[in-house]
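Novice: I'd like to go over a predicted model; first the sequence, then the structure.
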Amino acid sequence: MKPDMRKPVQLLAFGFGAGLAPRAPGTFGTLVGIPLFLALAGLPMPLYLAVVAALFGVGVWLCGRASADLGVHDHGGIVWDEIVGLLVTLAGAPSGIATIAVGFALFRLFDILKPWPIGWLDRRVGGGFGIMVDDLLAGLYAAVVLQALLHSRILP
């Protein structure tokens, strides 16, 4: 079944259409996370994390529902997980362009390479939670590296 952007579930799951990109839909979907991060960056950390947790929870349902509607588990165009993964990566990071660019690159690297246990989870956990959890972990890995770069003053 082809995605229908007139359906709110699919519109959101496909990152407002970013997931329909003919090449690298995950990368285009991750880009959608940047303006969302900029909108949330000024929040106190507990509130930022609460919003990200809520978006993760919504994503479990949203991605599961979109997958069921399309009849394909983790359709390549479903990018809500990438959006949330980037927000995890950038948690506590300054909103400068260099930091966002490095965070973006790190998240994409971990999301694509899927080092253990990301790949293991991706292959073995189904449903909406399975779609979301590997990107959550990729975001955590990327956040650790990003914070290390920031604290070592390699990044401003």
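Specialist: Yep, that arrived.
Novice: chain neighbours aside, what residue packs nearest to Gly96?
Specialist: Pro156 (6.6 Å; C-beta to C-beta, 6 or more residues apart in numbering). Bear in mind the C-beta positions are built from the backbone N, C-alpha and C, glycine included.
Novice: wait, isn't that neighbour in contact with Ala98?
Specialist: Yes. Contact criterion C-beta atoms under 8 Å: Pro156 and Ala98 qualify, at 6.3 Å.
Novice: comparing these two, which residue is more hemmed in?
Specialist: Ala98 (11 against 8; other C-beta atoms under 10 Å).
Novice: so what's that one up against?
Specialist: If a contact means C-beta atoms under 8 Å, 6 or more residues apart in numbering, then Ala98 has Leu155, Pro156 as its contacts.
Novice: in the chain, which helix or strand is least confident?
Specialist: In the chain, no helix or strand scores lower on mean pLDDT, DSSP states H and E than helix 118-124, which sits at a mean of 88.
Novice: could you point out the helix or strand that follows it?
Specialist: helix 127-151 (DSSP states H and E).
Novice: and that next one, what does it pack onto?
Specialist: If you count contacts as 3 or more C-beta pairs under 8 Å, 6 or more residues apart in numbering; DSSP states H and E, helix 127-151 packs onto helix 45-70, helix 80-89, helix 97-113, helix 118-124.
Novice: orientation of it relative to helix 45-70 in degrees?
Specialist: 140 degrees (axes from the mean of the first three to the mean of the last three C-alpha atoms, to 10 degrees).
Novice: just want the angle from helix 127-151 to helix 97-113.
Specialist: Using the same axes, to 10 degrees: helix 127-151 against helix 97-113 is 140 degrees.
Novice: helix 127-151: which residues count as buried?
Specialist: 127-143, 145-147, 149-150 (16 or more other C-beta atoms under 10 Å).
Novice: same question, stretch 5-12
Specialist: So for stretch 5-12, counting by 16+ other C-beta under 10 Å, buried means Val9, Gln10, Leu11, Leu12.
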